[in-house]
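> Provided below for reference: sequence and predicted model.
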Amino acid sequence: MKIQTIDSKRRLVLPGASPGECYAVREASPGHYELAKVIPAPKPKPSPVELDALLISAALTPKMSWEQLRSLTREP
């Protein structure tokens, strides 16, 4: 049996595990833990119509002019 040590950030390296994998931890009895790999449900890709609506609702351009922004952020 291989022994692993937890580091100062409370991390443990699991042999055979890949980065990004998720595990549910359950304490079976005092001092004994069970790990169960959690596989997230796949998310469907958004349709082009949904992407357009998202870009319109959360635009990457400011809603105010530069003059309004300058007047709000500069001292008089």
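Received the coordinates, thanks. Numbering: from 1, shown residues only.

> centroid residue for this protein?
What sits nearest the mean C-alpha location of the chain, by CA atoms, centre = their mean, is G20, with 10.0 Å.

> And the helices in the protein?
In the chain, helices defined by DSSP state H lie at 48-57, 66-73, listed in chain order.

> Can you tell me how far the residue nearest to the centre of the chain is from K37?
12 Å (CB to CB, to the nearest Å). For every residue, glycine as well, the C-beta is placed using N, CA and C.

> Could you do R26 as well?
Separation of R26 from K37 (CB to CB) stands at 13 Å.

> Ok, E75 next?
56 Å.

> Tell me where the model's unsure across the chain.
1, 59, 76 (pLDDT under 70).

> and V25, what does it touch?
Applying CB atoms under 8 Å, 6 or more residues apart in numbering, we find V25 in contact with Y33, E34, L35.

> Tell me which of these fall in strands.
Y33, E34, L35 (DSSP state E).

> so what's the last one bridging to?
According to DSSP bridges, the partner residues bridging L35 are V25.

> circling back to that earlier point, which of E75 and K37 has more residues huddled nearby?
With neighbours defined as other CB atoms under 10 Å, E75 and K37 compare such that K37 has more, 10 against 3.
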